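A.B. asks: here are the coordinates; sequence isn't available:
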């Protein structure tokens, strides 16, 4: 018997045993709960999303396109893509290595290591930026030395990439570890017994097994990398056209009361979020067994 | 020989494995973790510690610091509480009821995870500012949300919304409806069934969601600053205070606020985790 049938039988049994008044009371309770849930989601999800696009198109298509083709906004889009193109591949390598070490091997202190990997989730993004300023800023621990070498980290691309790496650090390993643990080591052991080299085993056996959960992790990592605000705001210095990512450009434009332009750039980020959600939902639906998030559900 | 191998066995750090690659993968993880996360955080603690006890105490007990910490932690707790209540209702509705568009709404719950915080921030500001969609409607009633601590609360409710739904949903989905049926057949009212049968197993999961939403809310910056008004002592959150100190090149001041935030939130997360393990034991769940 499926869950639905059981639920049906249960509700039939309980409604049968009740007088009519209570049955309508249950119907009312159900209606009220659905109304509360939808009302809350409407207020907190639908309205903010709607307001972004309404404000972006407040003065029509031409104003929308004009604000997106502004050189500073274009530079911000390019910088955001560049930061993601550096940070996401680094995260893929580290996430894969971390997942192999944690899921495929047994060692002491593993649970401590797992909590350290998850640590960035419970650290404020502003603190993620602050730590790099303390290290590499003008008055930071390595600041004077870096200045003597002519290397710029804070208020430049390396600082933005580092801050992004900090906040996105756990995303990929977190998706891969539960999936790899559920797969076990038997496939790899078979490949090695048959004479495959360690690298070949990894590329031909391990990687194909985890490709969908890897893609899922990359998707979430990329969304965060492109959308990060707090950590990047602290290290970027917000030099227009140079160190301003898209979220920072949104802030600058909004604070200058350029509402249409701010919401136009914001609408691109909102589209990225909607695409991420759609692809994520597709992966959860199509590859439910391989994606940790759906098993946590 | 035997003695040596026996002692080596006893202090074995790693279980032997047929799989190669431990050294390389572990090395990459530890190097990246140290360089990106651990050493920078150590620099933060070092900076705060090297400030000197008297100055740390003065910075930590400054009225502006205390007001910012009170707002960040208070609003995060309140927002997490609101999210526990509505999150449980949403999870229940999504698991138990069938209505058109349910799958779509289920997917939409994750929007606050995917939407960049600055985008959420200006959207909420456009809604709740005194001339915004909702702000203008509330103004005649004498209610202001934008640019007050209530605005901070709204942003933190938005940002924490998915956590409780996503932790409670799987528990509700796996719950045996036979138990509710039994309670109903034994004559329990629907309310009593909800209170005594459904709520206990859901509670630990809801608490997990509460902790996650709270931890996220304490450090949240992007979605808050546009709607908070950022008035010192009134609607200035702790992360913003760090940013302001940094802009004044007051590295020590920023580091002390940062360490205080981390210490307070880790202490509260630890306390809530202990409460949760007590709750799980009391309610008979593993």
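C.D. replies: Now that the structure is in, tell me what you want to look at. Predicted model only: the values in this text are computed from it and were never measured.

A.B. asks: going by C-alpha atoms from here, please, whenever you check contacts or count neighbours.
C.D. replies: Will do.

A.B. asks: any idea of the pLDDT on residue 133?
C.D. replies: No chain was given, so I picked chain A. We note a pLDDT of 95 for residue A:133 in this prediction.

A.B. asks: that was the other one, I meant chain B.
C.D. replies: According to the predicted model, the pLDDT of residue B:133 comes to 89.

A.B. asks: ok, it touching residue B:123?
C.D. replies: No. With contact taken as C-alpha atoms under 8 Å, residue B:133 and residue B:123 are classed as non-touching, separated by 10.5 Å.

A.B. asks: more crowded one of these two?
C.D. replies: residue B:123 (25 against 16; other C-alpha atoms under 10 Å in any protein chain shown).

A.B. asks: how about the one helix or strand residue A:284 maps to: buried residues?
C.D. replies: Secondary structure assigned from DSSP states H and E places residue A:284 in helix A:259-286. Burial within helix A:259-286, assessed by neighbour count using 16 or more other C-alpha atoms under 10 Å in any protein chain shown, is assigned to A:259-270, A:272-274, A:276-277, A:280-281, A:283-284.

A.B. asks: next one: stretch A:230-245
C.D. replies: Judged by neighbour count (16+ other C-alpha under 10 Å), stretch A:230-245 contains these buried residues: A:230-238, A:240-245.

A.B. asks: contacting residues around that stretch?
C.D. replies: For stretch A:230-245, contacts defined as C-alpha atoms under 8 Å, 6 or more residues apart in numbering or on different chains pick out A:71-73, A:75-77, A:79-80, A:125-130, A:132-133, A:154-157, A:159-160, A:163-164, A:167, A:248, B:221-222, B:243.

A.B. asks: helices along the stretch 1-150 of chain A, start to end?
C.D. replies: Remark: helices assigned in the stretch 1-150 of chain A by DSSP state H, counting those that start in this stretch are A:3-16, A:20-41, A:47-56, A:60-68, A:71-104, A:110-118, A:125-136, A:143-149.

A.B. asks: of those, flag the one that's most buried.
C.D. replies: Across those, averaging neighbours per residue (mean count of other C-alpha atoms under 10 Å in any protein chain shown) puts helix A:125-136 on top, at a mean of 28.

A.B. asks: not counting residues beside it along the chain, what's closest to residue 228?
C.D. replies: No chain in the question, so chain A it is. If you skip the residues right next to it in sequence, residue A:228 has residue B:116 as its closest partner in space, 6.4 Å away by C-alpha to C-alpha, 6 or more residues apart in numbering or on different chains.

A.B. asks: sorry, I should have been clearer: chain B.
C.D. replies: Counting by C-alpha to C-alpha, 6+ apart, the residue nearest residue B:228 is residue B:147, at 4.4 Å.

A.B. asks: quick one: the one you found and residue B:124, what's the gap?
C.D. replies: 11 Å (C-alpha to C-alpha, to the nearest Å).

A.B. asks: for residue A:62, same thing?
C.D. replies: Applying C-alpha to C-alpha, one obtains 25 Å for the distance of residue A:62 from residue B:124.

A.B. asks: restrict the buried residues of helix A:259-286 to contacts with chain B.
C.D. replies: Among the buried residues of helix A:259-286, the ones lying close to chain B by the criterion of C-alpha under 8 Å from any C-alpha of the partner chain are A:263, A:266, A:269-270, A:273-274, A:276-277, A:281.

A.B. asks: tally of neighbours for residue 254?
C.D. replies: Just so you know, I chose chain A. Each residue near residue A:254 was counted by other C-alpha under 10 Å, and the total is 17.

A.B. asks: nope, chain B
C.D. replies: By the other C-alpha under 10 Å criterion, the neighbourhood of residue B:254 contains 29 residues.

A.B. asks: output the contacting helices and strands for the helix holding residue A:284.
C.D. replies: Using 3 or more C-alpha pairs under 8 Å, 6 or more residues apart in numbering or on different chains; DSSP states H and E as the contact definition, the elements that helix A:259-286 packs against are helix A:47-56, helix A:60-68, helix A:211-227, helix A:246-255, helix B:102-108, helix B:111-114, helix B:117-128.

A.B. asks: and these as CSV, adding mean pLDDT and distance to residue A:183?
C.D. replies: What follows is the helices and strands packed on helix A:259-286, written out as CSV (pLDDT from 0 to 100; distance: least, C-alpha to C-alpha, whole Å):
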stretch, mean pLDDT, distance to residue A:183
helix A:47-56, 96, 39
helix A:60-68, 94, 46
helix A:211-227, 96, 12
helix A:246-255, 96, 39
helix B:102-108, 93, 27
helix B:111-114, 94, 28
helix B:117-128, 96, 35
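
A.B. asks: isn't residue B:118 right up against residue A:249?
C.D. replies: No. Distance between residue B:118 and residue A:249: 9.8 Å, which falls outside the contact criterion (C-alpha under 8 Å).

A.B. asks: residues touching residue A:260, list them.
C.D. replies: Contact criterion C-alpha under 8 Å, 6+ apart gives A:55-59, A:63-64, A:67 as the residues in contact with residue A:260.

A.B. asks: 6 Å instead?
C.D. replies: For residue A:260, the residues meeting the contact criterion (C-alpha atoms under 6 Å, 6 or more residues apart in numbering or on different chains) are residue A:56.

A.B. asks: now do the one 4 residues further on
C.D. replies: Residues near residue A:264 by C-alpha under 6 Å, 6+ apart: A:56, A:64.

A.B. asks: give me the neighbour count for residue 251.
C.D. replies: Looking at chain A here, since you left the chain open. Here the neighbour count serves as a burial measure; for residue A:251 (other C-alpha under 10 Å) it reads 26.

A.B. asks: correction: the question concerned chain B.
C.D. replies: If you count neighbours by other C-alpha under 10 Å, residue B:251 ends up with 23.

A.B. asks: how about the residues of the stretch 51-200 of chain B by chain A?
C.D. replies: Counting by C-alpha under 6 Å from any C-alpha of the partner chain, the positions of the stretch 51-200 of chain B adjacent to chain A are B:90, B:93, B:114-116, B:118-119, B:123-124, B:158, B:170, B:181.

A.B. asks: which of those sit farthest apart?
C.D. replies: Every pair in these was compared (C-alpha to C-alpha); the two farthest apart turn out to be B:118 and B:181, at 47.0 Å.

A.B. asks: so which of these two has more stuff around it?
C.D. replies: residue B:118 (27 against 21).

A.B. asks: show me where the stretch 101-250 of chain B has helices.
C.D. replies: For the stretch 101-250 of chain B, helices defined by DSSP H, counting those that start in this stretch occupy the ranges B:102-108, B:111-114, B:117-128, B:133-138, B:149-174, B:177-185, B:190-193, B:199-219, B:222-228, B:238-247.

A.B. asks: now render those as JSON lines, adding distance to residue A:41.
C.D. replies: Supplementary listing: these in JSON lines, determined by distance: least, C-alpha to C-alpha, whole Å:
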{"stretch": "helix B:102-108", "distance to residue A:41": "8"}
{"stretch": "helix B:111-114", "distance to residue A:41": "10"}
{"stretch": "helix B:117-128", "distance to residue A:41": "14"}
{"stretch": "helix B:133-138", "distance to residue A:41": "15"}
{"stretch": "helix B:149-174", "distance to residue A:41": "9"}
{"stretch": "helix B:177-185", "distance to residue A:41": "26"}
{"stretch": "helix B:190-193", "distance to residue A:41": "24"}
{"stretch": "helix B:199-219", "distance to residue A:41": "16"}
{"stretch": "helix B:222-228", "distance to residue A:41": "17"}
{"stretch": "helix B:238-247", "distance to residue A:41": "27"}
